[in-house]
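*Asks:* pasted the sequence and its predicted model underneath.
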Amino acid sequence: MTDVVIVGAGQAGFQVAASLREKGHPGRVVLVGDEPGVPYQRPPLSKAYLSGALPGERLALRPQAFYDKHGIELVCGRAVGIDRDRRRVALADERELEYGHLVLATGTRNRELPVPGAKLDGVLGLRTRADADALRERIGGARNVVVIGGGFIGLEFAASVAELGLSVTVLEASDRLMRRAVSPAVSAHYRELHERRGTRVLFGASVVALHGGHEVTGVELADGSVLPADLVVVGIGVVPNTELAADAGLAVDNGIVVDEQMSTSDPRVSAVGDCAVYPSRHAGGPLRLESVQNAVDHARCLAARLTGAAEPYASVPWFWSNQFDARLQIAGLGTDHDEAVVHGDPEAGSFSVFCFRAGRLVCVESVNRTPDHMAARKLFTAGGSLDREVLTTPGFDFRQHLAAMA
Ligand SMILES: Cc1cc2nc3c(=O)[nH]c(=O)nc-3n(C[C@H](O)[C@H](O)[C@H](O)COP(=O)(O)OP(=O)(O)OC[C@H]3O[C@@H](n4cnc5c(N)ncnc54)[C@H](O)[C@@H]3O)c2cc1C
């Protein structure tokens with residue numbers, strides 16, 4: 001009977017614990033987290049929780065009673081070291097936890113803005129509930145909001161506060177929004193969406209300094225211009241929390257390196273979620289993803305192995321982002337596609353972009369078109385593809401096409 005200690009009580013850590021119990025794991029399950037309270041979901045932090053539409057108690061993944069009922073021990077503390085020979089995890093308060101199996105689910109942290117003034121009051125990131133609470137407190141009194149970074153989190157934040165009637169400027173260093181993750185067609189659609197709601201979007205904008213005494217008052221760009229700002233949100237990406245693993249001698253390469261079943265090079269230590277880099281069938285190489293799907297599916301795969309039903313990880317990556325009334329859903333991995341076909345009606349706010357690489361469908365990005373998204377997930381799960389030509393057939397319906405292929 002193995003005692004499992006999980007470090008990191010976020011989406012992935014929670015899911016490992018819940019799935020172990022679901023699959024009948026008889027040993028102790030200890031979930032160690034350095035944030036207060038029960039594990040919670042992050043996606044609403046930049047959406048409904050930020051705007052006040054979702055009350056705080058609905059952020060929790062499960063209430064305390066769930067952990068009591070299933071014998072999952074929640075330990076509030078920060079893990080600071082792993083002794084792999086003695087199979088112990090040391091916490092910052094000098095407690096030690098002995099493990100039979102150790103799971104690292106330490107997630108990521110926000111990348112810091114490397115310019116003078118980045119620590120001024122009024123300059124905030126958005127990763128934790130505490131961050132969202134601090135932002136909610138400031139939003140009421142803010143007049144000029146500047147968002148640094150036109151990725152998912154920056155844009156979701158911008159949409160939420162624009163809906164509250166605030167003046168927002170988004171600064172993006174590259175030439176289009178969400179560049180790392182979506183096709184040019186989707187970038188362009190979201191630019192228009194944000195601009196239509198009054199948000200100013202500046203491209204090629206390189207921030208060189210933040211101005212202010214104690215509180216931030218402005219953002220200086222490389223061209224010398226200074227934008228007035230009393231609230232600055234920095235959303236320039238994340239770095240995986242790999243220090244614990246690296247200090248313990250485990251392989252780290254832009255994430256904690258694991259195999260197809262989430263095991264590190266030490267068979268008694270696994271890693272899951274945002275912090276883990278794994279051999280992806282869909283990417284054809286090592287991949288680290290930052291998504292709820294990835295955290296949940298990694299966790300389920302690991303729990304299956306630890307309870308004697310091992311299977312290699314093969315889940316199809318998928319993701320969503322809500323901005324204004326546009327629900328973006330992405331199935332597959334399209335970052336290096338070489339051809340994109342738009343289907344549907346972007347002007348009406350409902351379309352999908354089918355992304356191909358070397359003639360093979362690798363990703364479908366859907367805006368307010370959930371049936372396409374679900375069909376894409378089904379197709380990729382079955383290992384199928386789609387001829388580019390069928391997309392131009394008059395009246396093409398992805399779901400019906402898939403049903404006809406079955
Ligand atoms: C604002 C926001 C919006 C998002 N929106 C979406 C969305 O719309 N769709 C989507 O798919 N994904 C979204 N994501 C991403 C998604 O939330 C993450 O991919 C997911 O939470 C990853 O889960 P995780 O458990 O790997 O990491 P995390 O959820 O980051 O959890 C890791 C936990 O480990 C703790 N920890 C780290 N080191 C230690 C230590 N040494 N000791 C103890 N505890 C430690 C951390 O404090 C944290 O609580 C969003 C993320 C954010 C921040």
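*Replies:* Arrived safely, thanks for sending. Numbering: from 1, shown residues only.

*Asks:* give me the distance between the nearest residue to residue 337 once chain neighbours are set aside and the ligand.
*Replies:* Leaving aside its sequence neighbours, residue 337 sits nearest to residue 355 (Cβ to Cβ, 6 or more residues apart in numbering; 3.7 Å). In short, each C-beta sits where N, CA and C put it, glycine included. Residue 355 sits at a distance of 18 Å from the ligand (criterion: Cβ to the nearest ligand atom, to the nearest Å).

*Asks:* what bridges to residue 355?
*Replies:* Under the criterion DSSP bridges, residue 355 forms beta bridges with residue 340, residue 363.

*Asks:* so how many other residues sit close to it?
*Replies:* By the criterion of other Cβ atoms under 10 Å, residue 355 has 26 neighbours.

*Asks:* what's near enough to touch it?
*Replies:* Residue 355 is in contact with 183, 332, 334, 337, 339-340, 361-365, counting by Cβ atoms under 8 Å, 6 or more residues apart in numbering.

*Asks:* closest approach to the ligand from the stretch 151-300 of the chain, which residue is it?
*Replies:* Among all residues of the stretch 151-300 of the chain, residue 273 sits closest to the ligand, at 2.3 Å; criterion: Cβ to the nearest ligand atom.

*Asks:* my guess is that residue contacts residue 13. True?
*Replies:* Yes - under the criterion of Cβ atoms under 8 Å, residue 273 makes contact with residue 13 at 7.4 Å.

*Asks:* common neighbours of these two, please.
*Replies:* Taking Cβ under 8 Å, 6+ apart as the contact rule, residue 273 and residue 13 both touch 105, 299.

*Asks:* pick out whichever of those two has more residues nearby.
*Replies:* Neighbours per residue, other Cβ under 10 Å: of residue 273 and residue 13, the larger number sits with residue 273, 35 against 25.

*Asks:* contacting residues for the closest residue to that one other than its chain neighbours?
*Replies:* Closest residue to residue 273 apart from its sequence neighbours, by Cβ to Cβ, 6+ apart: residue 12 at 2.9 Å. Neighbour list for residue 12: 105, 107, 272-274, 295-296, 298-299 [criterion: Cβ under 8 Å, 6+ apart].

*Asks:* show me the two of the residues you listed that sit farthest apart.
*Replies:* Pairwise distances across the contacts of residue 12 (Cβ to Cβ) peak at 13.5 Å, for the pair 107 and 296.

*Asks:* name the residue in those two with the higher neighbour count.
*Replies:* Set residue 107 next to residue 296 and count neighbours by other Cβ under 10 Å: residue 107 wins out with 23 against 20.

*Asks:* just the pLDDT for the more buried one.
*Replies:* Note for residue 107: predicted pLDDT of 98.

*Asks:* next: residue 1.
*Replies:* So, for residue 1, pLDDT stands at 56.

*Asks:* straight-line length of stretch 310-324, end to end?
*Replies:* 41 Å (Cα to Cα, to the nearest Å).

*Asks:* show the average pLDDT along that stretch.
*Replies:* So the average pLDDT for stretch 310-324 ends up being 95.

*Asks:* tell me the buried residues in it?
*Replies:* 313, 315-324 (16 or more other Cβ atoms under 10 Å).

*Asks:* just to revisit the earlier point, out of the contacts of residue 355, grab the one that's most surrounded.
*Replies:* Of all these, residue 365 has the most neighbours under the rule other Cβ under 10 Å, reaching 30 neighbours.

*Asks:* residue contacts, the residue nearest to that one when sequence neighbours are not counted?
*Replies:* In space, and not counting its chain neighbours, residue 365 is closest to residue 353: 4.4 Å by Cβ to Cβ, 6+ apart. Counting by Cβ under 8 Å, 6+ apart, residue 353 makes contact with 182-183, 185-186, 340-343, 364-366.

*Asks:* adding secondary structure, write those residues out as CSV.
*Replies:* CSV is the format used below for those (DSSP: H, G, I helix; E, B strand; the rest coil):
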residue, secondary structure
182, coil
183, coil
185, helix
186, helix
340, strand
341, strand
342, strand
343, strand
364, strand
365, strand
366, strand
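
*Asks:* how about the strands in the stretch 301-406 of the chain?
*Replies:* For the stretch 301-406 of the chain, the strands defined by DSSP state E, counting those that start in this stretch cover 318-323, 326-332, 339-345, 350-357, 360-367.

*Asks:* CSV for those strands, including distance to residue 206?
*Replies:* Formatted as CSV, those follow (distance: least, Cβ to Cβ, whole Å):
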stretch, distance to residue 206
strand 318-323, 24
strand 326-332, 26
strand 339-345, 28
strand 350-357, 28
strand 360-367, 28
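
*Asks:* what about these, which gets the closest to residue 111?
*Replies:* Of all the strands of the stretch 301-406 of the chain, strand 318-323 sits nearest to residue 111, with 18.7 Å by Cβ to Cβ.

*Asks:* is the ligand within reach of the closest one?
*Replies:* Yes - residues of strand 318-323 contacting the ligand under Cβ under 6 Å from any ligand atom: 319-321.

*Asks:* what does the protein have sitting close to the ligand?
*Replies:* Checking the chain against the ligand by Cβ under 6 Å from any ligand atom, the hits are 7-13, 32-35, 42-43, 45-46, 78-79, 105-108, 126-127, 153, 241, 244, 273-275, 290-293, 295, 319-321.
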